[in-house]
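Peer 1: coords please:
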Amino acid sequence: MNLLDYLSWRGDLSFAQVPFSPVDGLILSVLSYVHFGTLVPDGLSPAVALGRAAEQYLALPASRQGGRRCEEDLRLLRALAGAPRFSGLELCRYIHRFVPKEETQFAALTVLLGDGSAYLAFRGTDGTLVGWKEDFNLSFMDVVPAQLEAAEYIQTLAGHFPGRLRLGGHSKGGNLAVAGAALCPAKVRDRIGAVWSFDGPGLNPYLMARPGYQELLTRTRSFVPKSSVVGLLLTHEEPCTVVDSDQRGLFQHDPYSWQIMGPDFVQLEEVSAGSRLIDRALKNWLAGLTPAQRETVADTLYELLTDQDAKTVKQALEPQNLANALRAVQDADPKDLLSTASSLGRLAGAALRALQNP
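Peer 2: As a prediction, this is how the structure comes out:
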């Protein structure tokens, strides 16, 4: 069964009957993708019941729902509103910042669990080019703006909420949960009971070397599907759980494809051979590039796509915008184009070597 089946079969069981689990954490992490706007306060009070916020959001016309990641998110909201396990939980501290000039896409949501603790859910990458560009920036910047935002979000919440904290997120949201926790001062880290990253990229050497990351290592856990790609990027030292999925390849990044049995995920011993191959190719490619070369590749591709007024990845991949991007190559800096072409050529070479030496 998947997340929606879990809510249908077990949504009537309270947290007193079945304790809060990583499956519940994934559900609340996915909830952070919803653009609640003013339906959820940006402060701790007045908090709003999850069921009420879901019903108010679903009653809005589509034009006022602030963008939609996928139809399943609406189904999830309906299921949460009807599940006693979740409907009475309170939502607060909804923050959404989108600043193209800073290449920043950040959103987070706090869920009060009713037992004096809170779950801080960080949104993953949305469909915008800005969001994806910030993901690429993770490969050459010590700290990206969204990671600093995550640390500030945690510290601000901790300053006004006295209870125990759990952190989590899907995709980039998982990276933000781990990085944000690592960047917090010790007095805040002491109150963090768990950090869960659901198929989120790892960290760079700068963040992994920080005392905060090392201190939280035993409280941090990664979950990846069997054919993970995103969740194996960069470096992880924390324990990792491999989850079965009913999708194939990259589509396993979809949390609705993850398989659940009872209160926990269906676990496997290791990721697939294809996942290990892609991971090895990408890591070898990045290891062969300097931070400056990685930055040039990311900036060049981003500029070519955004010059066509595309705001989302879907728009950028439309035939007309792709054609315009190819024409814009004529006006790009030849040195940047040469560096980018050379770097992408190295990626092809790394992939070929990985195939030849499985």
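
Peer 1: Is R52 located within a helix, as I assumed?
Peer 2: Yes - membership of R52 in a helix is supported by DSSP: H, G, I helix; E, B strand; the rest coil.

Peer 1: Can you give me the neighbour number for it?
Peer 2: Other residues near R52 number 15, with proximity taken as other CB atoms under 10 Å. (C-beta placed from N, C-alpha, C; glycine too.)

Peer 1: Pretty sure V48 is one of the things L39 touches, is it not?
Peer 2: Yes - contact criterion CB atoms under 8 Å: L39 and V48 qualify, at 6.9 Å.

Peer 1: residues touching R166, list them.
Peer 2: Applying CB atoms under 8 Å, 6 or more residues apart in numbering, we find R166 in contact with F20, G25, S117, A118, Y119, L120, I192, G193, A194, V195, W196.

Peer 1: can you list the weak-confidence ranges in the stretch 251-358 of the chain?
Peer 2: Filtered on pLDDT under 70, the stretch 251-358 of the chain yields the residue ranges 279, 281-289, 294-295, 297-358.

Peer 1: and with 90 instead?
Peer 2: Applying pLDDT under 90 to the stretch 251-358 of the chain flags residues 251, 253, 262, 270-358.

Peer 1: Also the stretch 101-250 of the chain?
Peer 2: For the stretch 101-250 of the chain, applying pLDDT under 90 flags the ranges 101-105, 125-142, 201-202, 204-205, 227-237, 248-250.

Peer 1: any chance you could map the helices in it?
Peer 2: Secondary structure of the stretch 101-250 of the chain, counting by DSSP state H, counting those that start in this stretch: helices at 129-137, 145-160, 172-183, 186-189, 205-208, 211-216.

Peer 1: The second one vs helix 172-183, what angle?
Peer 2: What it means is helix 145-160. Angle, helix 145-160 to helix 172-183, by axes from the mean of the first three to the mean of the last three CA atoms, to 10 degrees: 60 degrees.

Peer 1: ok, and what's touching helix 145-160?
Peer 2: 44, 93, 95, 97, 99, 102-106, 108, 110, 118, 120, 122, 134, 165, 167, 172, 175-177, 179-181, 183-185, 188, 191-192, 207.

Peer 1: and these, which are buried?
Peer 2: 44, 93, 95, 103-106, 108, 110, 118, 120, 122, 134, 165, 167, 172, 175-177, 179-181, 183-184, 188, 191-192, 207 (16 or more other CB atoms under 10 Å).

Peer 1: ok, back up a step: got a quick PyMOL command for the buried subset of the contacts of R166?
Peer 2: In PyMOL syntax, the buried subset of the contacts of R166 is picked out as below (16+ other CB under 10 Å):
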select buried, resi 20+25+117+118+119+120+192+194+195+196
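
Peer 1: and the contacts of R166, which of them are in strands?
Peer 2: A118, Y119, L120, I192, G193, A194, V195, W196 (DSSP state E).

Peer 1: For the fourth one, give me its contacts.
Peer 2: When contacts are counted by CB under 8 Å, 6+ apart, I192 touches I154, L165, R166, L167, A181, C184, L216, R219.

Peer 1: ok, and which of the helices of the stretch 101-250 of the chain has the densest surroundings?
Peer 2: Of all those, helix 172-183 has the most neighbours on average by mean count of other CB atoms under 10 Å, namely a mean of 29.

Peer 1: Relative to the whole chain's centre, how far out is it?
Peer 2: Mean C-alpha position of helix 172-183 versus that of the full chain (CA atoms, centre = their mean, to the nearest Å) differs by 9 Å.

Peer 1: Give me the packing partners of that helix, helices and strands only.
Peer 2: On a contact count with 3 or more CB pairs under 8 Å, 6 or more residues apart in numbering; DSSP states H and E, helix 172-183 meets strand 118-122, helix 129-137, helix 145-160, strand 165-170, strand 192-198, helix 205-208, helix 211-216, strand 220-225.

Peer 1: Next, the angle from the last one to helix 172-183.
Peer 2: When you say that, I think you mean strand 220-225. Angle of strand 220-225 versus helix 172-183, following the same axes, to 10 degrees, is 170 degrees.

Peer 1: Give me the contacts around strand 220-225.
Peer 2: For strand 220-225, contacts defined as CB under 8 Å, 6+ apart pick out 22, 26, 174, 178, 181, 194-200, 202, 213, 231-232, 236, 238-245, 247, 252-253, 257-258, 265, 271.
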